[in-house]
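> Sequence first, predicted coordinates after that:
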Amino acid sequence: MVKLISYNIEYCEGMEGIWYQYLKFWKIFFPPKNLDEKIVKALKRLKPDILALIEVDTGSLRARGKDEVRFLEEKLKFKSFVEKVKYPIKGWLKLFHHLPILNKQANAIISKFPFTKVKYHVFHEGTKRMVIEAIVKCPKPITLLVAHLALGGKTRAKQIKELIEIVNGIKNPVILMGDFNTFHGEIEIKELMKKTHLKDRISLDKESLPFTEPAWHPTRRLDYILTSPKLKVNKYSILNFHFSDHLPLMIDFKFRKNKK
């Protein structure tokens, strides 16, 4: 059984999504100290094999120069990591790569299993355009996809169509995860699941409401882990973590047995 967690950690700014917390705008530059240590402590209790991170700081002044991806990999004793700044290096958005803090805002995957292949896809529209693709063997090859979709509905719809093409171009079983920003509900990814045959197994969680944001009082679902039919998800959990404005998701999965 493989345990996977997908978590938007909000750059370790430590806000749970309560409106008045955002009045403390200085947290963008001076987040709480040792919050990453608290996240490590909580994750160690769960013993994940794969960790997907959305909104992670890879070494800006906000993180005091610390690459949080490398820090988590080391503390959790994982073997591999991949990180990528969310903004493209073409067009006007390439300016983000030269601005403090923005040039270190990334998504990432950390794994106990070595990556056999890593590549990146770039959406044609939106600010956050980068999609990470990484293949791991656990023990058979699986393709992991991590995305953080646009805030605007029209742009997000176009990105979802591109995700359909990306998923359908992959031969391995796929796990697609991340912060999809589906402010209009799960109907936004209905076409994605239909055309890719990816499954949403959140109904396996009988204890939690099916919402992930804001963490202090979840009222909507923005975060997903979608899996190929070839993978059997035995457990799906929304974790009661309050280190960011999103709640993380966790699945336990394995390969389905081949029918003879």
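Now that the structure is in, tell me what you want to look at. Numbering: from 1, shown residues only.
> for the one residue sitting closest to the centre of the chain, what are its contacts?
Against the mean C-alpha coordinate of the chain, by C-alpha atoms, centre = their mean, the closest residue is Gly178 at 3.3 Å. Counting by C-beta atoms under 8 Å, 6 or more residues apart in numbering, Gly178 touches Ser6, Asn8, Ala52, Ile54, Asn107, Leu145, Val146, Ala147, His148, Leu149, Asp223, Tyr224. All C-beta atoms are positioned from the backbone trio N, CA, C, and that covers glycine.
> What is the subsequent helix or strand relative to the helix or strand where Glu74 lies?
Element membership of Glu74 [criterion: DSSP states H and E] is helix 68-76. Using DSSP H and E, the helix or strand that follows helix 68-76 in sequence is strand 80-85.
> Can you give me the buried ones in that next one?
Buried residues in strand 80-85, counted by 16 or more other C-beta atoms under 10 Å: Ser80, Phe81, Val82, Glu83, Lys84, Val85.
> Turn those residues into CSV, including pLDDT.
Listed next are the buried residues of strand 80-85 as CSV, based on pLDDT from 0 to 100:
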residue, pLDDT
Ser80, 95
Phe81, 97
Val82, 98
Glu83, 98
Lys84, 97
Val85, 97
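> Switch those residues over to CSV; also include distance to Leu239.
Supplementary listing: the buried residues of strand 80-85 in CSV, determined by distance: C-beta to C-beta, whole Å:
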residue, distance to Leu239
Ser80, 23
Phe81, 21
Val82, 23
Glu83, 22
Lys84, 24
Val85, 26
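> For the stretch 1-150 of the chain, which segments are assigned as strands?
2-8, 50-57, 80-85, 105-111, 115-122, 130-137, 141-148 (DSSP state E, counting those that start in this stretch).
> Kindly state which of these is positioned closest to Phe253.
strand 2-8 (5.6 Å; C-beta to C-beta).
> Partner strands of that closest one, with direction?
Here strand 2-8 has these sheet partners by DSSP bridges: strand 50-57 (parallel), strand 249-255 (antiparallel).
> and it with strand 105-111, angle?
Per axes from the mean of the first three to the mean of the last three C-alpha atoms, to 10 degrees, the angle that strand 2-8 makes with strand 105-111 is 170 degrees.
> could you give the angle of strand 2-8 to strand 141-148?
Going by the same axes, to 10 degrees, strand 2-8 makes 10 degrees with strand 141-148.
> coming back round to it: burial-wise, tell me which of the strands paired with strand 2-8 comes out on top.
Most buried of those by mean neighbour count (mean count of other C-beta atoms under 10 Å) is strand 50-57; its value is a mean of 25.
> What angle do strand 80-85 and that one make with each other?
30 degrees.
> could I get the longest helix seen in the chain in PDB with only the CA atoms?
What stands out as the longest helix in the chain, according to DSSP state H, is helix 153-168. Output in PDB follows, covering the C-alpha atoms of helix 153-168 (Å, rounded to 0.1, in the frame of the first residue of the first chain):
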ATOM      1  CA  GLY A 153     -13.200  30.700 -14.100                       C
ATOM      2  CA  LYS A 154     -12.800  31.200 -17.900                       C
ATOM      3  CA  THR A 155      -9.000  30.700 -17.700                       C
ATOM      4  CA  ARG A 156      -9.400  27.700 -15.400                       C
ATOM      5  CA  ALA A 157     -11.800  26.100 -17.800                       C
ATOM      6  CA  LYS A 158      -9.200  26.400 -20.600                       C
ATOM      7  CA  GLN A 159      -6.500  24.900 -18.300                       C
ATOM      8  CA  ILE A 160      -8.800  22.000 -17.500                       C
ATOM      9  CA  LYS A 161      -9.200  21.200 -21.200                       C
ATOM     10  CA  GLU A 162      -5.400  21.200 -21.500                       C
ATOM     11  CA  LEU A 163      -5.200  18.900 -18.500                       C
ATOM     12  CA  ILE A 164      -7.500  16.400 -20.400                       C
ATOM     13  CA  GLU A 165      -5.000  16.400 -23.200                       C
ATOM     14  CA  ILE A 166      -2.100  15.900 -20.900                       C
ATOM     15  CA  VAL A 167      -3.700  13.000 -19.000                       C
ATOM     16  CA  ASN A 168      -4.900  11.300 -22.200                       C
END
